[in-house]
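A.B. asks: Please find the sequence and the predicted model below.
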Amino acid sequence: MLAGLAGDFGPHDERSKMRLTQFASRCWVPDDGAFAASLRSRVLPRSLVFSGTLTTSVHRWPAPPAQHVHVGVVLRGELEIATATASTTYRQGEVYVFPRWGWVRTRVRAHLEYVHVAVPARDLTERAIDISPAALSGPVTSGLGDVLAAVAVTSVEPGPRDAATDAVVDRILVVLVQSLLAHGQDQRASASLIALRRRAEAHIEARHTDPGMRPTLLASELGVSLRQLQRAFTETGSSVASRLRERRAAHAIDLLALDSAGAASVDRVARMAGFPSAYALRSALRAATGSSPRSLRELRLRDG
(Lines give C-alpha, C1' and ligand atoms only; values in the text may rest on other atoms or scores of the structure.)
Protein backbone atom coordinates (compact mmCIF):
# COMPACT_ATOMS: atom_id res chain seq x y z
CA MET A 1 0.00 0.00 0.00
CA LEU A 2 1.02 3.59 -0.42
CA ALA A 3 1.44 5.10 3.01
CA GLY A 4 2.33 8.58 1.91
CA LEU A 5 3.64 10.79 -0.84
CA ALA A 6 5.06 14.22 -0.21
CA GLY A 7 6.96 16.77 -2.18
CA ASP A 8 8.19 20.32 -2.43
CA PHE A 9 7.80 21.52 -5.99
CA GLY A 10 8.81 24.78 -7.58
CA PRO A 11 6.28 26.67 -9.71
CA HIS A 12 8.12 25.64 -12.89
CA ASP A 13 8.50 21.98 -11.88
CA GLU A 14 5.00 20.51 -11.60
CA ARG A 15 6.32 17.50 -13.55
CA SER A 16 8.04 16.33 -10.37
CA LYS A 17 4.67 15.58 -8.76
CA MET A 18 3.79 13.37 -11.71
CA ARG A 19 7.22 11.68 -11.59
CA LEU A 20 6.83 10.80 -7.91
CA THR A 21 3.28 9.45 -8.40
CA GLN A 22 4.40 7.31 -11.36
CA PHE A 23 7.39 6.06 -9.40
CA ALA A 24 5.23 5.02 -6.45
CA SER A 25 2.72 3.20 -8.66
CA ARG A 26 5.49 1.00 -10.10
CA CYS A 27 7.08 -0.04 -6.82
CA TRP A 28 6.71 -3.45 -5.21
CA VAL A 29 6.25 -3.15 -1.46
CA PRO A 30 6.61 -6.05 1.03
CA ASP A 31 3.31 -7.32 2.49
CA ASP A 32 4.36 -6.23 5.95
CA GLY A 33 5.54 -2.83 4.87
CA ALA A 34 4.15 0.49 3.73
CA PHE A 35 5.52 2.66 0.96
CA ALA A 36 6.34 6.26 1.72
CA ALA A 37 8.31 8.70 -0.36
CA SER A 38 9.13 12.38 -0.42
CA LEU A 39 10.75 14.38 -3.14
CA ARG A 40 12.16 17.83 -3.69
CA SER A 41 13.39 18.77 -7.10
CA ARG A 42 14.65 21.70 -9.09
CA VAL A 43 15.17 22.25 -12.79
CA LEU A 44 18.28 24.30 -13.50
CA PRO A 45 19.49 25.59 -16.87
CA ARG A 46 21.49 22.41 -17.66
CA SER A 47 20.97 20.06 -14.74
CA LEU A 48 18.11 18.54 -12.79
CA VAL A 49 18.32 17.96 -9.03
CA PHE A 50 16.31 15.56 -6.85
CA SER A 51 16.49 15.10 -3.10
CA GLY A 52 14.21 12.67 -1.35
CA THR A 53 13.46 9.72 0.88
CA LEU A 54 12.10 6.21 0.25
CA THR A 55 11.03 3.33 2.44
CA THR A 56 11.60 -0.37 1.72
CA SER A 57 10.62 -1.11 -1.86
CA VAL A 58 11.70 -2.60 -5.16
CA HIS A 59 11.33 -0.74 -8.41
CA ARG A 60 12.02 -1.74 -12.02
CA TRP A 61 12.34 0.91 -14.65
CA PRO A 62 13.99 1.68 -18.00
CA ALA A 63 17.31 3.45 -18.08
CA PRO A 64 17.09 7.26 -18.17
CA PRO A 65 17.43 9.11 -21.47
CA ALA A 66 20.91 8.76 -22.95
CA GLN A 67 21.38 12.52 -23.26
CA HIS A 68 21.84 12.79 -19.48
CA VAL A 69 24.06 11.11 -16.91
CA HIS A 70 22.50 10.63 -13.47
CA VAL A 71 24.80 10.78 -10.43
CA GLY A 72 23.63 10.37 -6.85
CA VAL A 73 24.86 10.27 -3.27
CA VAL A 74 23.38 8.02 -0.56
CA LEU A 75 22.87 10.24 2.47
CA ARG A 76 21.39 7.52 4.67
CA GLY A 77 20.45 3.85 4.31
CA GLU A 78 21.31 1.47 1.47
CA LEU A 79 20.41 1.43 -2.20
CA GLU A 80 20.92 -1.60 -4.44
CA ILE A 81 21.09 -0.93 -8.18
CA ALA A 82 20.96 -3.98 -10.44
CA THR A 83 21.16 -4.44 -14.20
CA ALA A 84 20.95 -7.66 -16.21
CA THR A 85 24.66 -8.30 -15.60
CA ALA A 86 25.59 -6.82 -12.22
CA SER A 87 24.28 -5.68 -8.87
CA THR A 88 25.91 -3.12 -6.56
CA THR A 89 24.83 -1.91 -3.13
CA TYR A 90 25.63 1.69 -2.21
CA ARG A 91 25.82 2.82 1.39
CA GLN A 92 25.94 6.12 3.26
CA GLY A 93 28.38 8.56 1.71
CA GLU A 94 28.91 6.55 -1.49
CA VAL A 95 28.41 8.02 -4.93
CA TYR A 96 26.54 6.05 -7.58
CA VAL A 97 26.01 6.55 -11.29
CA PHE A 98 22.63 5.36 -12.50
CA PRO A 99 23.01 2.91 -15.42
CA ARG A 100 22.23 4.32 -18.86
CA TRP A 101 21.50 1.02 -20.59
CA GLY A 102 18.68 -1.53 -20.43
CA TRP A 103 16.23 -2.08 -17.60
CA VAL A 104 17.32 -1.29 -14.08
CA ARG A 105 16.05 -2.59 -10.74
CA THR A 106 16.48 -0.61 -7.55
CA ARG A 107 15.96 -2.04 -4.08
CA VAL A 108 15.73 0.08 -0.96
CA ARG A 109 16.66 -2.14 1.99
CA ALA A 110 16.02 0.44 4.70
CA HIS A 111 14.87 4.02 4.95
CA LEU A 112 16.80 5.79 2.21
CA GLU A 113 17.76 9.42 1.93
CA TYR A 114 19.45 10.45 -1.27
CA VAL A 115 20.32 13.30 -3.56
CA HIS A 116 20.46 12.86 -7.31
CA VAL A 117 21.79 15.14 -10.05
CA ALA A 118 21.30 14.72 -13.81
CA VAL A 119 23.71 16.54 -16.13
CA PRO A 120 23.98 16.59 -19.92
CA ALA A 121 26.17 13.78 -21.26
CA ARG A 122 27.84 16.21 -23.65
CA ASP A 123 29.24 18.17 -20.67
CA LEU A 124 31.14 15.02 -19.73
CA THR A 125 32.24 13.80 -23.15
CA GLU A 126 33.57 17.26 -23.95
CA ARG A 127 35.91 16.79 -20.97
CA ALA A 128 37.03 13.39 -22.34
CA ILE A 129 35.20 11.56 -19.52
CA ASP A 130 34.27 8.02 -20.50
CA ILE A 131 30.54 7.42 -19.99
CA SER A 132 30.45 3.85 -21.30
CA PRO A 133 28.80 1.18 -19.08
CA ALA A 134 32.14 -0.24 -17.93
CA ALA A 135 33.48 3.20 -17.02
CA LEU A 136 30.43 4.15 -14.93
CA SER A 137 29.94 0.92 -12.97
CA GLY A 138 30.62 0.61 -9.25
CA PRO A 139 30.82 3.20 -6.49
CA VAL A 140 33.03 6.29 -6.63
CA THR A 141 34.94 7.18 -3.48
CA SER A 142 35.80 10.85 -3.13
CA GLY A 143 35.36 13.71 -0.72
CA LEU A 144 33.74 15.57 -3.62
CA GLY A 145 30.65 13.44 -3.03
CA ASP A 146 30.00 15.28 0.23
CA VAL A 147 30.40 18.61 -1.54
CA LEU A 148 28.03 17.57 -4.35
CA ALA A 149 25.45 16.40 -1.81
CA ALA A 150 25.64 19.64 0.17
CA VAL A 151 25.25 21.87 -2.89
CA ALA A 152 22.45 19.71 -4.35
CA VAL A 153 20.47 19.55 -1.10
CA THR A 154 20.77 23.32 -0.65
CA SER A 155 19.64 23.91 -4.23
CA VAL A 156 16.25 22.22 -3.66
CA GLU A 157 15.46 23.90 -0.34
CA PRO A 158 12.23 25.92 -0.49
CA GLY A 159 12.65 29.60 -1.04
CA PRO A 160 12.91 32.25 -3.72
CA ARG A 161 15.45 31.83 -6.50
CA ASP A 162 16.66 34.05 -9.28
CA ALA A 163 18.10 33.18 -12.67
CA ALA A 164 21.60 34.36 -11.79
CA THR A 165 21.78 32.19 -8.65
CA ASP A 166 20.40 29.18 -10.54
CA ALA A 167 23.05 29.62 -13.23
CA VAL A 168 25.87 29.68 -10.66
CA VAL A 169 24.55 26.64 -8.77
CA ASP A 170 24.01 24.82 -12.05
CA ARG A 171 27.61 25.44 -13.12
CA ILE A 172 28.95 24.29 -9.73
CA LEU A 173 26.94 21.06 -9.93
CA VAL A 174 28.12 20.28 -13.46
CA VAL A 175 31.77 20.89 -12.53
CA LEU A 176 31.41 18.72 -9.41
CA VAL A 177 29.94 15.85 -11.42
CA GLN A 178 32.69 16.22 -14.01
CA SER A 179 35.36 16.12 -11.30
CA LEU A 180 33.74 13.17 -9.51
CA LEU A 181 33.49 11.03 -12.63
CA ALA A 182 37.01 11.95 -13.75
CA HIS A 183 38.26 10.91 -10.30
CA GLY A 184 36.30 7.67 -10.50
CA GLN A 185 37.74 7.02 -13.94
CA ASP A 186 41.26 7.47 -12.54
CA GLN A 187 40.43 5.18 -9.59
CA ARG A 188 39.22 2.40 -11.87
CA ALA A 189 42.19 2.79 -14.21
CA SER A 190 44.60 2.56 -11.27
CA ALA A 191 42.81 -0.48 -9.84
CA SER A 192 42.88 -2.12 -13.26
CA LEU A 193 46.63 -1.55 -13.57
CA ILE A 194 47.24 -2.95 -10.08
CA ALA A 195 45.25 -6.06 -10.96
CA LEU A 196 47.16 -6.42 -14.23
CA ARG A 197 50.51 -6.03 -12.45
CA ARG A 198 49.55 -8.77 -9.97
CA ARG A 199 48.60 -11.10 -12.82
CA ALA A 200 51.89 -10.33 -14.55
CA GLU A 201 53.88 -10.94 -11.35
CA ALA A 202 52.24 -14.34 -10.94
CA HIS A 203 53.01 -15.16 -14.57
CA ILE A 204 56.64 -14.08 -14.15
CA GLU A 205 56.93 -16.22 -11.04
CA ALA A 206 55.67 -19.26 -12.93
CA ARG A 207 57.46 -18.68 -16.24
CA HIS A 208 60.68 -16.76 -15.54
CA THR A 209 62.86 -19.83 -16.10
CA ASP A 210 61.74 -19.94 -19.74
CA PRO A 211 64.41 -18.01 -21.75
CA GLY A 212 61.77 -17.27 -24.38
CA MET A 213 59.63 -15.34 -21.90
CA ARG A 214 59.92 -11.69 -22.92
CA PRO A 215 57.70 -8.65 -22.32
CA THR A 216 55.97 -9.04 -25.70
CA LEU A 217 55.17 -12.70 -25.04
CA LEU A 218 54.02 -11.95 -21.50
CA ALA A 219 51.65 -9.26 -22.78
CA SER A 220 50.30 -11.64 -25.41
CA GLU A 221 49.67 -14.40 -22.87
CA LEU A 222 47.91 -11.96 -20.55
CA GLY A 223 45.74 -10.69 -23.42
CA VAL A 224 46.80 -7.05 -23.19
CA SER A 225 48.93 -4.69 -25.24
CA LEU A 226 52.61 -4.28 -24.42
CA ARG A 227 51.99 -0.58 -23.77
CA GLN A 228 49.28 -1.37 -21.22
CA LEU A 229 51.49 -3.92 -19.52
CA GLN A 230 54.38 -1.46 -19.34
CA ARG A 231 52.07 1.13 -17.76
CA ALA A 232 51.22 -1.32 -14.98
CA PHE A 233 54.90 -1.51 -14.02
CA THR A 234 55.82 2.11 -14.72
CA GLU A 235 53.65 3.18 -11.76
CA THR A 236 56.06 1.31 -9.49
CA GLY A 237 59.15 2.86 -11.10
CA SER A 238 60.05 -0.40 -12.79
CA SER A 239 59.49 -2.13 -16.15
CA VAL A 240 58.47 -5.57 -17.33
CA ALA A 241 61.99 -6.37 -18.55
CA SER A 242 63.51 -5.21 -15.25
CA ARG A 243 61.11 -7.33 -13.23
CA LEU A 244 61.88 -10.42 -15.34
CA ARG A 245 65.60 -9.78 -14.95
CA GLU A 246 65.33 -9.29 -11.17
CA ARG A 247 63.37 -12.52 -10.71
CA ARG A 248 65.84 -14.49 -12.83
CA ALA A 249 68.76 -12.97 -10.92
CA ALA A 250 67.19 -14.01 -7.60
CA HIS A 251 66.73 -17.53 -8.94
CA ALA A 252 70.34 -17.63 -10.16
CA ILE A 253 71.62 -16.50 -6.75
CA ASP A 254 69.71 -19.38 -5.14
CA LEU A 255 71.17 -21.84 -7.65
CA LEU A 256 74.73 -20.56 -7.08
CA ALA A 257 74.26 -20.84 -3.32
CA LEU A 258 73.20 -24.46 -3.67
CA ASP A 259 76.13 -25.19 -6.01
CA SER A 260 78.97 -23.60 -4.05
CA ALA A 261 81.27 -26.40 -5.21
CA GLY A 262 80.91 -25.21 -8.81
CA ALA A 263 79.52 -28.42 -10.29
CA ALA A 264 77.31 -26.48 -12.69
CA SER A 265 78.83 -24.11 -15.21
CA VAL A 266 77.78 -20.48 -15.36
CA ASP A 267 76.15 -21.19 -18.74
CA ARG A 268 74.04 -23.93 -17.17
CA VAL A 269 73.04 -21.77 -14.22
CA ALA A 270 72.07 -19.01 -16.66
CA ARG A 271 69.84 -21.39 -18.67
CA MET A 272 68.25 -22.82 -15.51
CA ALA A 273 67.40 -19.32 -14.28
CA GLY A 274 65.92 -18.27 -17.64
CA PHE A 275 68.76 -16.08 -18.96
CA PRO A 276 69.57 -16.40 -22.66
CA SER A 277 73.33 -16.42 -21.98
CA ALA A 278 76.01 -16.37 -19.31
CA TYR A 279 76.76 -12.77 -20.27
CA ALA A 280 73.14 -11.78 -19.51
CA LEU A 281 73.41 -13.55 -16.16
CA ARG A 282 76.64 -11.75 -15.22
CA SER A 283 75.16 -8.38 -16.17
CA ALA A 284 72.03 -9.02 -14.08
CA LEU A 285 74.04 -10.13 -11.06
CA ARG A 286 76.29 -7.07 -11.22
CA ALA A 287 73.23 -4.84 -11.33
CA ALA A 288 71.54 -6.69 -8.46
CA THR A 289 74.48 -7.42 -6.15
CA GLY A 290 77.59 -5.83 -7.61
CA SER A 291 79.17 -9.32 -7.69
CA SER A 292 80.02 -11.98 -10.26
CA PRO A 293 78.79 -15.61 -10.20
CA ARG A 294 82.21 -16.71 -8.96
CA SER A 295 82.20 -14.18 -6.13
CA LEU A 296 78.77 -15.29 -5.02
CA ARG A 297 79.86 -18.91 -4.97
CA GLU A 298 82.98 -18.11 -2.96
CA LEU A 299 80.93 -16.04 -0.52
CA ARG A 300 78.58 -18.94 0.03
CA LEU A 301 81.53 -21.33 0.48
CA ARG A 302 83.09 -19.06 3.14
CA ASP A 303 79.77 -18.73 4.96
CA GLY A 304 79.53 -22.51 5.08
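C.D. replies: Looks like it came in fine. Numbering: from 1, shown residues only.
A.B. asks: When you work out contacts or count neighbours from here on, use the C-alpha atoms and nothing else.
C.D. replies: Noted.
A.B. asks: separation between Ser87 and Leu222?
C.D. replies: Distance of Ser87 to Leu222, given as CA to CA, to the nearest Å: 27 Å.
A.B. asks: Helix, strand or coil: sort out Thr88 for me.
C.D. replies: What DSSP: H, G, I helix; E, B strand; the rest coil gives for Thr88 is strand.
A.B. asks: isn't Leu218 right up against Arg199?
C.D. replies: No - counting by CA atoms under 8 Å, Arg199 is not a contact partner of Leu218; they are 10.3 Å apart.
A.B. asks: Can you pick out the residue with more neighbours from these two?
C.D. replies: Neighbour count, other CA atoms under 10 Å: between Leu218 and Arg199, Leu218 has more, with 20 against 13.
A.B. asks: gap between that one and Met272?
C.D. replies: The spacing between Leu218 and Met272, counted by CA to CA, is 19 Å.
A.B. asks: Same check on Leu180?
C.D. replies: Distance from Leu180 to Met272, counting by CA to CA: 50 Å.
A.B. asks: between the two, which one's more packed in?
C.D. replies: Here Leu180 and Met272 are compared on neighbour count by other CA under 10 Å; more neighbours surround Leu180, at 21 against 18.
A.B. asks: wait, is the more buried one part of a helix?
C.D. replies: Yes - applying three-state DSSP, one finds Leu180 inside a helix.
A.B. asks: And the average pLDDT for the strand or helix carrying Gln187 is what?
C.D. replies: For Gln187, the host element (DSSP states H and E) is helix 163-207. Averaged across helix 163-207, the pLDDT comes to 89.
A.B. asks: got it, and stretch 217-225?
C.D. replies: Here stretch 217-225 scores 94 as its mean pLDDT.
A.B. asks: Flag every buried residue along that stretch.
C.D. replies: Leu218, Ala219 (16 or more other CA atoms under 10 Å).
A.B. asks: how about the strands in this structure?
C.D. replies: Counting by DSSP state E, the chain has strands at residues 2-8, 27-28, 35-43, 48-54, 57-62, 68-76, 78-82, 87-91, 95-97, 103-108, 112-120.
A.B. asks: now, of those, which is deepest in the fold?
C.D. replies: Highest mean neighbour count of the strands of the chain: strand 95-97, a mean of 26 (counted as mean count of other CA atoms under 10 Å).
A.B. asks: In this protein, which residue is most central in space?
C.D. replies: What sits nearest the mean C-alpha location of the chain, by CA atoms, centre = their mean, is Arg188, with 2.8 Å.
A.B. asks: roughly how far apart are that one and Gly138?
C.D. replies: Between Arg188 and Gly138 the computed distance is 9 Å (CA to CA).
A.B. asks: Over to Ala164?
C.D. replies: Distance, Ala164 to Gly138, by CA to CA: 35 Å.
A.B. asks: okay, these two: which has more neighbours?
C.D. replies: Higher neighbour count among Ala164 and Gly138: Gly138, with 20 against 9, using other CA under 10 Å.
A.B. asks: Run through the residues that contact the residue nearest to the centre of the chain.
C.D. replies: By CA atoms under 8 Å, 6 or more residues apart in numbering, the contact list for Arg188 reads Ala135.
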